[in-house]
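Student: Just the structure for this:
(one chain, ligands or ions: 2)
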Amino acid sequence: MLKFYDKMSDEQIDTLVFTITDRTWDSIDCTECGRCCMELKPMLSEKDQFRLAKRLEMNIEQLRKQFLEYDDTDIDEPGWRIKDHPCPFLWDKVCTIYEERPENCRQYPYLHKPNFTYRTWGMIEPTFTCPVVYCVIEELKEKLGFRV
Ligand code: SF4
Ligand code: SF4
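Tutor: Numbers count the residues shown, from 1 in each chain. Ligands and ions are numbered 1, 2, ... in the order given. Here you go, the predicted model:
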């Protein structure tokens, strides 16, 4: 529906998504939720691993052995991810390594990335996990007159 929506450009749709997202964040507190940390296994870049290993006073091999697994199921982007969920760094819905959390966690749920129009499939799955994504998509559907 978005790809053929001619009343707004892709950039205007992005701006609308950003506006709704900012407003939605004001009413949802991640420290009362923590569902993404319970259900997802974030990827860690080399830089993320280095930063986290330093924080935990380990070397990268120890970090990988204790907390990570190598995931090559996505042949385009194989790499290291947290091996367990809930995430071992989650405690009572709060991230205990917040300052050193992986870039993947910082970006989640990716509502501030551009080109929303072309990312709708990727944004449907998080509606089952993240209340922010669910609320943003529901409001977007209402504003754009989406009907099934
Ligand atoms: S590292 Fe922190 S923010 Fe990322 S999944 Fe684990 S608890 Fe959540
Ligand atoms: S699922 Fe969404 S609302 Fe819940 S903690 Fe994660 S980002 Fe925050």
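Student: Which segments of this structure make up each domain?
Tutor: Structurally, the chain divides into domains by automatic domain parsing as follows: 1-34+108-148, 41-106.
Student: So for the most centrally placed residue in the chain, what's the nearest residue that isn't a sequence neighbour?
Tutor: Closest to where the C-alpha atoms of the chain average out (C-alpha atoms, centre = their mean) is Tyr108, at 2.0 Å. Spatially, and ignoring its direct neighbours in sequence, Tyr108 is nearest to Cys36 (5.6 Å; C-beta to C-beta, 6 or more residues apart in numbering). (Glycine included, C-beta is placed from N, CA and C.)
Student: ok, residues contacting the helix or strand hosting that neighbour?
Tutor: Cys36 is part of helix 35-39, with elements assigned from DSSP states H and E. Applying C-beta atoms under 8 Å, 6 or more residues apart in numbering, the external contacts of helix 35-39 come out as 85-87, 89-90, 93, 95, 105, 108-109, 126, 129-131.
Student: For the residue nearest to the centre of the chain, give its distance to ligand 1.
Tutor: 8 Å (C-beta to the nearest ligand atom, to the nearest Å).
Student: contacting residues around that residue?
Tutor: Shown in contact with Tyr108 (C-beta under 8 Å, 6+ apart): Cys36, Leu40, Pro42, Pro126, Cys130.
Student: Nearest to ligand 1 among those?
Tutor: Nearest to ligand 1 among the contacts of Tyr108, counting by C-beta to the nearest ligand atom, is Pro42 at 5.1 Å.
Student: hmm, back to that, the helix holding Cys36 near ligand 2 anywhere?
Tutor: Yes. Applying C-beta under 6 Å from any ligand atom, one finds helix 35-39 touching ligand 2 at Arg35, Cys36.
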